[in-house]
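A.B. asks: next input, structure requested:
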Amino acid sequence: MAQSTETTDWVSRFADEVVAESERRAAPDKPRVVVASGLSPSGPIHLGNLREVMTPHLVADEIRRRGHEVRHLISWDDYDRYRKVPAGVPGVDETWAEHIGKPLTSVPAPKGSPHANWAEHFKAAMTASLAEMGVEFDGISQTAQYTSGVYREQILHAMKHRRDIDAILDQYRTKKAPAKKSQKPVDEAELEAAEGSGAAAEDDGGSGSAGYFPYKPYCGNCEKDLTTVTAYDDDSTELTYACTACGFSETVRLSEFNRGKLVWKVDWPMRWAYEGVVFEPSGVDHSSPGSSFQVGGQIVGIFGGEQPIGPMYAFVGISGMAKMSSSKGGVPTPSDALRIMEPQLLRWLYARRRPNQSFKIAFDQEIQRLYDEWDRLDAKVADGSALPADAAAHARAVGTAAGELPRTPRPLPYRTLASVADITAGHEDQALRILGELDPANPIAALDQARPRYDKAEAWINTHVPADQRTVVRAEPDAELLKSLDEPSRQSLRLLLDGLADHWSLDGLTHHVYGVPKVQAGFPADATPKELPPEIKTAQRTFFALLYHLLVGRDTGPRLPTLLLAVGQDRVRTLLGE
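C.D. replies: As a prediction, the model looks like this:
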């Protein structure tokens, strides 16, 4: 089998460990390698949750590339209790609070949703995003698992060994984790992203007057989990519970009863053993002392399994959320990110950083810099000059073991596309005219050649750039400003206009616009910064500010070469007073 040649890439290192661990644990009735993720569709599944999926996905994909059989499970924790009504979800109001305590699959979907219930509504958006990103997985509904009796033997086993489980949990019940310093989230929405799914805060079953029980029924009357087990008989499996929400009580035979689940700190290690999971990362909320991952490492032995290997993954932050139309009451989801960036870029952001390194996903102007960095890496990979670890991250971003993801045929700079989309305001014929003039020697013949990157840039302009920062070209020349110009300013405009036709391309105008202040000061247009006095930079800034005022009425705007192409030669000449 092919072996990875990359030794500095975190994905390869984890793949080495997982393959070795799988071979040590190998069982005839299990797939050779099993990695896992868990997602709770309790609300919008955000970009922090995506790290729960991307970390094992990247490792699983590397293992597939080596020729091994691997299964990536995504456990949909849709049988978890509905904990709270998330703010800002369209079609949801305060009446949803009456469903708190029910399984997520028993809660109605938001108004207007085509999906059967709350969990399916939020699973659907995540599933679509993962498909766009090329993430291959086997999804498991925990509602289906529990209500069909798949875990019956495991539940009975846990109840039989409840005292052993209670003894393990009791080691941690009075211990408090030491305070940790953490990155301060920049706003309330990022704080929500840092909280995790909330499962880590679920109780461990606790001990009542009848003793400790690691199982919680959902009420047969109100469907809520506000129940207390009051009696259980190991031989007959008869279980009696009472509901504190509605007062309902009943006695059932647990060997035939499918309306309840193991408490979280028992449920998770039970599934590790049941599925034979070898690798699963965990968030900060699950990894502190006494938390579910640590405790699960002891409880899993009761089920005859072993704890998976896997890292704790760090916080994923967001830049530019204050400008986001979706920031009220929620954090961005993978689908929000994929509206403004290609899946390759989003994959790269997760692939290039080790799981324990935090990073930010940009929804503000920073996205243009990220795209510039990505395009430079793309060029380095093409010419063979990329560092090995960077080349490995790039390869993991552009495709999987199944093949490359669809790409934009002509990946023009994102900032250029954003400027064109900004200036043309949805007029595709105008956008195509401008894009066709960027490189006259190899013009774009159809807008589809620049898609989907163009569409992503247009979506970013329309949804994340405030109206007061959008570009509006002047309808008429600023006669008052033109009249007030001194002779050096008039001369600079004349130099620009005289060379406009000869430099009418993106590269040509870039050279020309930057060259005007140099020529005006007596230097060659192609003089390098080292050959120029510092005051030339000041002259360039002054010249650029004048052009922006005359063209769009502001001090700044899109890159001037792109702006000039967008406005067109004739209109540029008119607005600059020719």
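A.B. asks: which one in this structure is furthest away from the centre?
C.D. replies: Here the chain reaches farthest from its C-alpha mean at E487, the gap being 53.2 Å by C-alpha atoms, centre = their mean.
A.B. asks: and it, how far from Q520?
C.D. replies: Distance of E487 to Q520, given as C-beta to C-beta, to the nearest Å: 11 Å. For the C-beta atoms, the positions are set from N, CA and C on the backbone; glycine is no exception.
A.B. asks: ok, V35 next?
C.D. replies: Counting by C-beta to C-beta - V35 and Q520 are separated by 63 Å.
A.B. asks: which one of these two is surrounded by more residues?
C.D. replies: V35 (28 against 16; other C-beta atoms under 10 Å).
A.B. asks: which element, helix or strand, includes the more buried one?
C.D. replies: strand 33-39 (DSSP states H and E).
A.B. asks: grab the nearest non-local neighbour of A545.
C.D. replies: D555 (5.3 Å; C-beta to C-beta, 6 or more residues apart in numbering).
A.B. asks: how many neighbouring residues does the one you found have?
C.D. replies: 11.
A.B. asks: and it, which of the three is it?
C.D. replies: coil (DSSP: H, G, I helix; E, B strand; the rest coil).
A.B. asks: that one touches H549, doesn't it?
C.D. replies: Yes. Shown here, D555 and H549 form a contact pair, counting by C-beta atoms under 8 Å, at 7.1 Å.
A.B. asks: if I look at D204, how far off is P108?
C.D. replies: Counting by C-beta to C-beta, the gap from D204 to P108 is 29 Å.
A.B. asks: more crowded one of these two?
C.D. replies: The neighbour count for D204 versus P108, taken as other C-beta under 10 Å, is higher for D204 (21 against 17).
A.B. asks: residues contacting the more buried one?
C.D. replies: 169, 173, 214, 263-266, 295 (C-beta atoms under 8 Å, 6 or more residues apart in numbering).
A.B. asks: now do the SS call for the residue nearest to P103 when sequence neighbours are not counted.
C.D. replies: Nearest non-adjacent residue to P103, counting by C-beta to C-beta, 6+ apart: Y79, 5.0 Å away. Secondary structure assignment for Y79 (three-state DSSP): coil.
A.B. asks: show me what contacts Y79?
C.D. replies: 103-105, 141-143, 145-147, 261.
A.B. asks: max pairwise distance over these: which two?
C.D. replies: With C-beta to C-beta as the measure, no two of the contacts of Y79 lie farther apart than L104 and Q145, at 13.8 Å.
A.B. asks: so the residue nearest to A418 when sequence neighbours are not counted is in which element?
C.D. replies: The shortest distance from A418 to any non-neighbouring residue, by C-beta to C-beta, 6+ apart, is to A457 (4.2 Å). Assigned by DSSP H and E, A457 falls within helix 453-464.
A.B. asks: got the buried residues for that helix?
C.D. replies: 453-462, 464 (16 or more other C-beta atoms under 10 Å).
A.B. asks: want to throw those into JSON lines with distance to A446?
C.D. replies: Output for the buried residues of helix 453-464, formatted as JSON lines (distance: C-beta to C-beta, whole Å):
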{"residue": "R453", "distance to A446": "14"}
{"residue": "Y454", "distance to A446": "11"}
{"residue": "D455", "distance to A446": "14"}
{"residue": "K456", "distance to A446": "17"}
{"residue": "A457", "distance to A446": "17"}
{"residue": "E458", "distance to A446": "16"}
{"residue": "A459", "distance to A446": "20"}
{"residue": "W460", "distance to A446": "22"}
{"residue": "I461", "distance to A446": "21"}
{"residue": "N462", "distance to A446": "22"}
{"residue": "H464", "distance to A446": "27"}
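A.B. asks: picking up where we left off before, so what pLDDT did the residue nearest to A545 get?
C.D. replies: Per-residue pLDDT puts D555 at 89.
A.B. asks: helix, strand, or coil at P558?
C.D. replies: P558 - assigned by three-state DSSP - is coil.
A.B. asks: any idea how far it is from T471?
C.D. replies: P558 is 6 Å from T471, by C-beta to C-beta.
A.B. asks: cool, W96 as well?
C.D. replies: W96 is 42 Å from T471, by C-beta to C-beta.
A.B. asks: could you do R51 as well?
C.D. replies: In terms of C-beta to C-beta, R51 sits 35 Å off from T471.
A.B. asks: go on, A362?
C.D. replies: A362 sits 20 Å away from T471 when distances are taken as C-beta to C-beta.
A.B. asks: A431 too?
C.D. replies: A431 is 13 Å from T471, by C-beta to C-beta.
A.B. asks: ok, now which ones touch L239?
C.D. replies: Taking C-beta under 8 Å, 6+ apart, one finds 215, 217, 229, 231-233, 251-254, 257 in contact with L239.
A.B. asks: what is the nearest of those to A395?
C.D. replies: Looking across the contacts of L239 and measuring by C-beta to C-beta, the closest to A395 is Y215, at 46.0 Å.
A.B. asks: and stretch 548-562, how far out from the chain's middle?
C.D. replies: 33 Å (C-alpha atoms, centre = their mean, to the nearest Å).
A.B. asks: can you check stretch 125-138 too?
C.D. replies: Counting by C-alpha atoms, centre = their mean, stretch 125-138 comes out at 12 Å from the chain centroid.
A.B. asks: buried residues, that stretch. List them.
C.D. replies: Under 16+ other C-beta under 10 Å, the buried positions of stretch 125-138 are 125-127, 129-130, 132-137.
A.B. asks: farthest-separated two in these?
C.D. replies: A125 and E136 (18.2 Å).
A.B. asks: the nearest residue to P217 once chain neighbours are set aside: how many residues sit nearby?
C.D. replies: In space, and not counting its chain neighbours, P217 is closest to G260: 3.7 Å by C-beta to C-beta, 6+ apart. Neighbours of G260 under the rule other C-beta under 10 Å: 22.
A.B. asks: before we move on, what about the one 3 residues further on?
C.D. replies: Residue neighbour count, defined by other C-beta under 10 Å, stands at 20 for V263.
A.B. asks: how near is it to V284?
C.D. replies: 21 Å.
A.B. asks: for A337, same thing?
C.D. replies: 21 Å.
A.B. asks: on that earlier part again, list the helices and strands the helix holding A457 packs on?
C.D. replies: Under the contact criterion of 3 or more C-beta pairs under 8 Å, 6 or more residues apart in numbering; DSSP states H and E, helix 453-464 touches helix 334-340, helix 414-424.
A.B. asks: what are the contacting residues of that helix?
C.D. replies: By C-beta under 8 Å, 6+ apart, the list of residues contacting helix 453-464 reads 320, 323-325, 339-342, 363-364, 367, 408, 411-412, 414, 417-418, 420-422, 426, 431, 435, 447, 470.
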